[in-house]
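Asks: any chance you can model this:
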Amino acid sequence: MARPLLPLLLPFAGIFAAGLCLTLCQSLGLFLPLGSTGPTPEHYATVLGSAAMQRSFLFTLYVSLVSALGSVTLGTGLGYMVWKLPARLRQTAVVYKVGLILPHVAVAFLVLLYFGQTGLLASLLHRLGLAPTPQDFPQVLYAGDGLGMILAYMFKGTPFAMLMTLAVLFGFDTRLLQTAAMLGAGRFHAFRRVTLPRLLPAMHSAFIILFLYAFGAFDIPFLLGESRPGMLAMRVYDIYFRKDLTERPQAMAILALMFAFTALFTMLYNALARRVDDRGRKL
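Replies: Reported below is the predicted structural model:
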């Protein structure tokens, strides 16, 4: 199946490889706008030795992990509930796909509209007398914990996880559950031993896709992100566009390190997921 797609994939692979090579070269001080004096690893040393960059990395990792885990958990639960609905009611559940249609920028503005201290929820609580002033509404956004970004990523990621889960469930052989019930298994036990092992591959795929996107995304952090510690994507943007040209190799070094980390994370996670899936199939 990959051979017919090869002519379409080659141009994209070439563009990706060229961009990656240019990033690596500029991170080493080569092919810079102001010229270069030869390859040097000092830009990597500057980035790795920066306490601010280390805090940004941990903050980015935290936001990505929490949003991806929350999306997969919520999406799997909601997908299972939709699957359990009568056939005539499943059509109404198609409304969950609205989250897939909206772009990330639109979702970020929706979070601002609803959860800002002058947003709709604050106005509603003010009308009810529960928040006398906007400052009395809990500060959900820009509080330093990344909650606004997590909410936005989960709004986009939960429907995606539901889509992945439902694709498996609608092809699931329900006779396996009937057999488990005949053997005395309760609902929870049957879900844990029969349904969940079949869902795990889709859950792993959804998690890794959502994690990688959140780890490197720029749009939602640009609108909802805090300045300190700040997401890594915003650090790259600030260094590349708002600082001196001599500091651009640091931005490229951050990008190269982000790519190396995500590649290593994906390989380790896939290896762990295979072991979990294999163990589940043996149950």
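
Asks: from here on, just use CA atoms for contacts and neighbour counts.
Replies: Fine.

Asks: could you pull out the helices for the stretch 51-200 of the chain?
Replies: Ranges of helices within the stretch 51-200 of the chain are 51-84, 87-90, 98-101, 104-115, 120-127, 147-169, 175-182, 187-190, 196-216, based on DSSP state H, counting those that start in this stretch.

Asks: and of these, who's closest to Arg274?
Replies: Shortest distance between Arg274 and those, using CA to CA, is found for helix 196-216: 8.4 Å.

Asks: helix 147-169 and that closest one, what's the angle between them?
Replies: For helix 196-216 against helix 147-169, the angle by axes from the mean of the first three to the mean of the last three CA atoms, to 10 degrees is 150 degrees.

Asks: distance from helix 196-216 to the middle of the chain?
Replies: Using CA atoms, centre = their mean, to the nearest Å, we find the averaged C-alpha position of helix 196-216 to lie 9 Å away from the chain's own average C-alpha position.

Asks: let me see the domain layout of the chain.
Replies: Structurally, the chain divides into domains by automatic domain parsing as follows: 1-40, 51-282.

Asks: wait, what's in contact with Ala131?
Replies: Ala131 is in contact with 122, 125, 137, counting by CA atoms under 8 Å, 6 or more residues apart in numbering.

Asks: and Tyr80, by the same measure?
Replies: Taking CA under 8 Å, 6+ apart as the definition, contacts of Tyr80 comprise 165-166, 169.

Asks: so which of those is the most crowded?
Replies: Within the contacts of Tyr80, Thr165 tops the neighbour count with 26 neighbours, counted by other CA atoms under 10 Å.

Asks: what separation do you get for that one and Thr246?
Replies: Relative to Thr246, Thr165 is positioned 48 Å away (criterion: CA to CA, to the nearest Å).

Asks: next: Asp238.
Replies: Distance, Asp238 to Thr246, by CA to CA: 13 Å.

Asks: show me the shaky parts of this protein.
Replies: Residue ranges of the chain with pLDDT under 70: 1-3, 5, 37, 134, 277-283.

Asks: dump the contacts of Tyr80 into JSON lines; add distance to Leu257 as well.
Replies: Below are these laid out as JSON lines (distance: CA to CA, whole Å):
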{"residue": "Thr165", "distance to Leu257": "32"}
{"residue": "Leu166", "distance to Leu257": "35"}
{"residue": "Leu169", "distance to Leu257": "38"}
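
Asks: which one of these is nearest to His204?
Replies: Scanning these for proximity to His204, where the rule is CA to CA, the winner is Thr165, at 10.5 Å.

Asks: from what I see, the closest one and Pro201 are in contact.
Replies: No. In this structure Thr165 lies outside contact range of Pro201 using CA atoms under 8 Å: 9.4 Å.

Asks: Met234: what's it in contact with?
Replies: Met234 is in contact with 218, 221-222, counting by CA under 8 Å, 6+ apart.

Asks: do the same with Gly119
Replies: 112-113.

Asks: and for Gly146?
Replies: In this structure, Gly146 makes contact with 63, 225-226, judged by CA under 8 Å, 6+ apart.

Asks: and if you look at Val276?
Replies: For Val276, the set of contacting residues under the criterion of CA under 8 Å, 6+ apart is empty.

Asks: can you offset everything so residue one is 611?
Replies: With the count now opening at 611, the last piece we talked about shows up as Val886.

Asks: now the host helix or strand of it: buried residues?
Replies: The secondary structure element spanning Val886 is helix 858-892 (assigned by DSSP states H and E). Within helix 858-892, the residues that qualify as buried by neighbour count (16 or more other CA atoms under 10 Å) are 858-868, 872, 876, 880, 883, 887, 890.

Asks: much appreciated, bye for now.
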